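> Okay, sequence plus prediction incoming.
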Amino acid sequence: MSAAAWTRLLERVGSQGEGFLAYMGGLGYLGWDALKFTVLGLVVRPRIKADETFFQMVRLGVRAIPIIVLVQTFVGMILAFQLAPVLADYGQLDKVATVVAIAMFRELGPLISAIVLTGFAGAAIAAELGTMVVGEEIAALRTSGIHPVRFLVVPRVIAAVLMTVALTVVADIVGTAGGGIVDRFILLRDSWEYYHTVVQSLLVKDVLTGLIKSGVFGFLLVLISCYEGLGVAGGAGGVGRATTRSVVLSIFLIIAADCAFTAAFYFLW
Amino acid sequence: MTADVDPILELRGIEKFFEGRQVLRNINLRVPRGETLVIIGGSGCGKSTLLRTIIGEYAPDAGHVYIGGEDACCASPERLDRIRRRFGILFQSGALYSSMTVGENVALPLREHTDLDEKIVRMIVKMKLELVGLRDFEDLMPAQISGGMRKRVGLARAIALDPEIVFYDEPSAGLDPIATSVIDQLIIDLRGKLGATSLVVTHDMQSALRIADRIAMLYGGEFIAVGPPAEFSSPTDPRVRQFVEGLADGPIPLRVSKTDYVTDLLGEEPV
Ligand SMILES: Nc1ncnc2c1ncn2[C@@H]1O[C@H](COP(=O)(O)OP(=O)(O)O)[C@@H](O)[C@H]1O
Ligand SMILES: [Mg+2]
């Protein structure tokens, strides 16, 4: 390759990187604003809208419960099926409970809840806010002195973070129970023993790191979908693009954050 | 500059560029308290851009916007919010909040910006809706009412806090002649009842002549004529005449393409 071609390539990579950094900067700025208005809304007026936040929790989280229960049952079963032969080779079939529980509580519960919620809540938020931009509703809010971050983003952030954590608790338990189904009916083992092994092998640390991660995932997915929604330009087509982008980016950033957190917990805790 | 009138709104040397293209050039304007000023001009001449610059949605690339003597362009966000509470805006589409009922839409500025009792809020909402003739529609959602009604609700919301100045972006666009007259009459009434200053952006010459104390014509991002409606009924400037009389032939071109037609069709790069 000629020197000019190299320069062009570097410039391309550079401008992509610059775009990504600018995007992360914008995201960080929105996140900072959301945190600021949340803290302010806790101590001074105007207060956080409790009824709106509750409405968003129901809208964003409750509807996702059935699908999470279904998915996690299957994931738990899959895990048990995959592990059983390996553990049987070592004569440690009783350890199915341990491995399933730890995998669920530390990793799969938080991750799968966040990904399901990205499809449910993230896409809905991006489409909703995007439509509001197109209908000049956001401009109307802003120009009447009502900050869209305080009015629209804060209730959604609080609702999404709380619901991601709450759904993760459900996902953890259901996923582990899914493994228990295989343990009982396929491996023909005793359910009480499975239950006791689960309880014994889980440490507070396992549960806690999982929940901390899920809170971060929830924050990421709601922030990205708000950012994409509020940034819509170009009519109805823009809303569709923003929705897709918010789902793809959320999944990518959630998994990247998962990797970073897991590594950090591995070394530090 | 002598302050012979007390301008509620003053624009000084506004310039605005989009991607290197100049959309507004050297806009100067003084709007005294209580005046209804109508800005006319063809589509794409920069009317909405000017309005959005005045209300602080766009930052001008040069110049200043003074609202009630305060410079809105370099105000801090908190200050800008306070300035914004003094004005009401009717957006082109009405811009009602689609997740709230008509009544909640009108009540929102009151609930957000005042400490009024819920009972009083409800009363004011009814009064404002009565003013636009829609008191019976309080509990409907924006999607359940017609476009003209949405604009009237938007107007009721814009005046909920009794603003000193009301901005209208194309209040008659997309409305039938009767709905247009209703909105026009509302603008005239508001001036009488609230003493509000109005700044109306429109391409509807008839309604401009009906409501205006003063008309300003925007062309190519510049004011080419400013004066009382009488001056616009027999204009001397051929560009103004063409617009006022709605003629196809005249100095204002319909086509705004920069590239040569033939070049564009044949796809040849200009040498
Ligand atoms: N956000 C924007 N980015 C780039 N160009 C814009 C933007 N908004 C308006 N324009 C351009 O500025 C010019 C004036 O637009 P606008 O103020 O909407 O006109 P009007 O309201 O008089 O029809 C148009 O040529 C339009 O293409
Ligand atoms: Mg316009």
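Yep, that arrived. Ligands and ions are numbered 1, 2, ... in the order given.
> contacts and neighbour counts: CA atoms only from here.
OK.
> Nearest to ligand 1: which residue in the stretch 151-269 of chain A?
Of all residues in the stretch 151-269 of chain A, A:A233 sits closest to ligand 1, at 8.8 Å by C-alpha to the nearest ligand atom.
> pLDDT wise, what is that residue at?
With respect to pLDDT, A:A233 scores 87.
> List the contacts of the closest residue to it other than its chain neighbours.
Nearest non-adjacent residue to A:A233, counting by C-alpha to C-alpha, 6 or more residues apart in numbering or on different chains: A:V134, 7.4 Å away. A:V134 is in contact with A:232-236, counting by C-alpha atoms under 8 Å, 6 or more residues apart in numbering or on different chains.
> same thing with B:R85?
The neighbours of B:R85, taking C-alpha under 8 Å, 6+ apart as the test, are A:144-145, B:161, B:163.
> Considering the residues you listed, which possesses the most neighbours?
For the contacts of B:R85, the largest neighbour count, defined by other C-alpha atoms under 10 Å in any protein chain shown, is 25 neighbours, found at A:S144.
> I figured it hits B:G88, correct?
Yes - taking contacts as C-alpha atoms under 8 Å, A:S144 lies within contact range of B:G88: 7.1 Å.
> end-to-end on stretch A:87-107?
Distance between the two ends of stretch A:87-107: 20 Å, counting by C-alpha to C-alpha, to the nearest Å.
> Among the contacts of A:V134, which lie within helices?
Secondary structure assignment by DSSP state H places A:235-236 of the contacts of A:V134 in helices.
> ok, of the contacts of A:V134, which come out buried?
A:232-233 (16 or more other C-alpha atoms under 10 Å in any protein chain shown).
> Report how many residues lie close to B:V125.
Neighbour count of B:V125, defined by other C-alpha under 10 Å: 25.
> Quick check: it is in a helix.
Yes - assessed by DSSP: H, G, I helix; E, B strand; the rest coil, B:V125 belongs to a helix.
> Return the residues in contact with it.
Contacts for B:V125 (C-alpha under 8 Å, 6+ apart) come out as B:103, B:106-107, B:160.
> Which of those residues sits closest to B:K16?
Distance to B:K16 across these (C-alpha to C-alpha) is lowest for B:A160, with 31.2 Å.
> Let's verify the closest one: helix, strand, or coil?
B:A160 - assigned by three-state DSSP - is coil.
> show me the contacts for the residue of chain A found nearest chain B.
Closest approach between chain A and chain B, counting by C-alpha to the nearest C-alpha: A:G145, at 4.5 Å. Going by C-alpha under 8 Å, 6+ apart, A:G145 touches B:80-82, B:84-85.
> before we move on, what about A:L108?
Contacts of A:L108 (C-alpha under 8 Å, 6+ apart): A:D172.
> repeat for B:I187
Listed by C-alpha under 8 Å, 6+ apart, the contact set of B:I187 reads B:198, B:211.
> what are the C-alpha coordinates of the host helix or strand of it, in CSV please?
In this structure, B:I187 sits in helix B:177-194 according to DSSP states H and E. Taking Å, rounded to 0.1, in the frame of the first residue of the first chain, the C-alpha atoms of helix B:177-194 are listed here in CSV:
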residue,chain,number,x,y,z
PRO,B,177,-60.6,28.7,5.8
ILE,B,178,-63.1,28.6,8.7
ALA,B,179,-60.6,27.1,11.1
THR,B,180,-58.1,29.7,9.9
SER,B,181,-60.5,32.6,10.7
VAL,B,182,-61.2,31.1,14.1
ILE,B,183,-57.4,31.1,14.9
ASP,B,184,-57.0,34.6,13.4
GLN,B,185,-59.9,35.9,15.6
LEU,B,186,-58.3,34.3,18.6
ILE,B,187,-55.1,36.1,17.9
ILE,B,188,-56.9,39.4,17.6
ASP,B,189,-58.9,38.6,20.8
LEU,B,190,-55.8,37.8,22.8
ARG,B,191,-54.4,41.1,22.0
GLY,B,192,-57.6,42.8,23.2
LYS,B,193,-58.1,40.6,26.3
LEU,B,194,-54.5,40.0,27.5
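> and the contacts of A:G145, which of them are in strands?
Among the contacts of A:G145, no member falls in strands (DSSP state E).
> Just the buried residues of the residues you listed.
Among these, those scoring as buried are B:80-81, B:84-85 (criterion: 16+ other C-alpha under 10 Å).
> got JSON lines for those residues, with pLDDT too?
Shown next, in JSON lines, are the buried ones among the contacts of A:G145 (pLDDT from 0 to 100):
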{"residue": "B:L80", "pLDDT": "83"}
{"residue": "B:D81", "pLDDT": "81"}
{"residue": "B:R84", "pLDDT": "85"}
{"residue": "B:R85", "pLDDT": "83"}
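> any chance of those in TSV, plus distance to A:R150?
What follows is those, written out as TSV (distance: C-alpha to C-alpha, whole Å):
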residue	distance to A:R150
B:L80	16
B:D81	13
B:R84	17
B:R85	17
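> where along the stretch 151-269 of chain A do the strands fall?
Assigned by DSSP state E, counting those that start in this stretch, the strands in the stretch 151-269 of chain A number zero.
> where do the helices sit along it?
A:154-185, A:191-201, A:204-230, A:235-268 (DSSP state H, counting those that start in this stretch).
> Against which helices or strands is the last one packed?
Translated: helix A:235-268. Judged by 3 or more C-alpha pairs under 8 Å, 6 or more residues apart in numbering or on different chains; DSSP states H and E, helix A:235-268 is in contact with helix A:109-117, helix A:123-134, helix A:204-230.
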